[in-house]
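Student: Please work out how this folds:
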Amino acid sequence: MNSEIPYDLMPQTAWALPEKRSSPPRNRVAFIGANNPETARMIQDVHADTGIEFIGYFDNAPEKKGRTFCGLPILGGFEDLIQSGRNDFGIVNLITRDTVTRHQTTRYVLQHGFSLSDFIHPSVNLQGVTLGRGVYLQEGVIVQGAVVIGDNVCVNSGATISHETRLGTSCFVAPGATLAGIVTLASGVMIGVGGVVLPRLTLGQGTTVGAGAVITCDTAPMAIMAGVPARQIGKAQHEEDFAPLFQS
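Tutor: Numbers count the residues shown, from 1 in each chain. This is a model prediction of the structure:
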């Protein structure tokens with residue numbers, strides 16, 4: 001009997017140790033968006049794990065400038081950001097209200113010469129996971145082996161991203177959502193609170209999945225899905241094409 005194994009059914013990257021992430025400029029980070037107090041808890045845990053210094057927030061709401069949020073100063077809006085030194089800190093985009101705003105905000109930051117940084121809770125197991133740039137993963141996220149997470153993706157607390165799933169640029173997965181394995185999200189997909197995508201499905205670019213919806217079939221680009229099982233109830237009207245944020 002030949003005991004040799006001619007090939008592996010799954011590449012070694014599926015169980016490889018997490019790659020070392022590059023540090024932000026001067027090991028300092030500023031946030032875009034001062035809204036969610038969960039940020040404060042993550043700041044403490046991420047700082048203890050990485051030593052990164054978090055210097056404050058940029059937020060375009062004029063009434064917030066000069067105040068503090070979760071113990072850090074609100075430094076101003078975008079007009080104040082672009083006057084800052086590009087090599088003084090990296091940027092973490094905390095905006096999650098919709099994927100269009102998230103994508104456009106990150107594109108603006110990059111076009112003005114700033115670098116994008118990760119904000120990943122140290123409890124998240126990233127063994128066998130491939131990560132893009134500017135990834136935001138909250139506490140309690142489960143990411144299984146051979147998952148690929150693209151640039152500018154946010155996954156919120158308690159969500160499960162099962163094995164061999166792929167998330168495209170600027171996707172957002174809300175709390176408690178489940179992508180049930182070998183799922184493909186094109187760029188700009190938004191999964192609402194508690195949404196479920198069954199295995200081996202592909203969601204078209206810019207698809208929105210409503211809270212609690214269960215996706216049982218592939219979706220067209222820009223589809224708005226709701227219900228159990230989900231059906232298309234509309235189509236997004238924006239013109240964002242979710243183009244890649246980086247050349248390579």
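
Student: Could I get the contacting residues of the nearest residue to P229 once chain neighbours are set aside?
Tutor: Nearest residue to P229 in three dimensions, chain neighbours excluded: T216, at 4.4 Å (Cβ to Cβ, 6 or more residues apart in numbering). Glycine gets a C-beta too; all of them are placed from N, C-alpha and C. Going by Cβ atoms under 8 Å, 6 or more residues apart in numbering, T216 touches L198, L201, P229, A230.

Student: Out of those residues, the closest to T106 would be?
Tutor: Nearest to T106 among those is L201, at 26.2 Å by Cβ to Cβ.

Student: Quick check: phi and psi on I32?
Tutor: Per-residue torsions, I32: phi -100, psi 120 (degrees, to the nearest 10).

Student: Show me the beta-bridge partners of it.
Tutor: F58, N93 (DSSP bridges).

Student: and it, what does it touch?
Tutor: Per Cβ under 8 Å, 6+ apart, neighbours of I32: Y57, F58, D59, I91, V92, N93, L94, I95, T105, V109.

Student: now swap in R86 and tell me
Tutor: P25, H112, G113, F114, S115.

Student: Same question for V92.
Tutor: V29, A30, F31, I32, L116, S117, D118, F119, G134, Y136 are the contacts of V92 under Cβ under 8 Å, 6+ apart.

Student: I'd say W15 and L126 touch.
Tutor: No: the criterion here is Cβ atoms under 8 Å, and W15 misses it with L126 at 11.5 Å.

Student: Please enumerate residues in contact with the helix or strand bottoming out on mean pLDDT in the chain?
Tutor: When each helix and strand of the chain is scored by mean pLDDT, DSSP states H and E, helix 38-50 comes last, with a mean of 93. The contact list for helix 38-50, computed with Cβ under 8 Å, 6+ apart, reads 23, 31, 52-54, 69-72, 94, 119-123, 138-139, 157.

Student: at 10 Å what do you get?
Tutor: 21, 23-24, 27, 29, 31, 33, 36, 52-54, 57, 69-72, 92, 94, 118-123, 136-139, 156-157 (Cβ atoms under 10 Å, 6 or more residues apart in numbering).

Student: S170 touches M190, doesn't it?
Tutor: Yes: assessed by Cβ atoms under 10 Å, S170 is found in contact with M190 at 9.3 Å.
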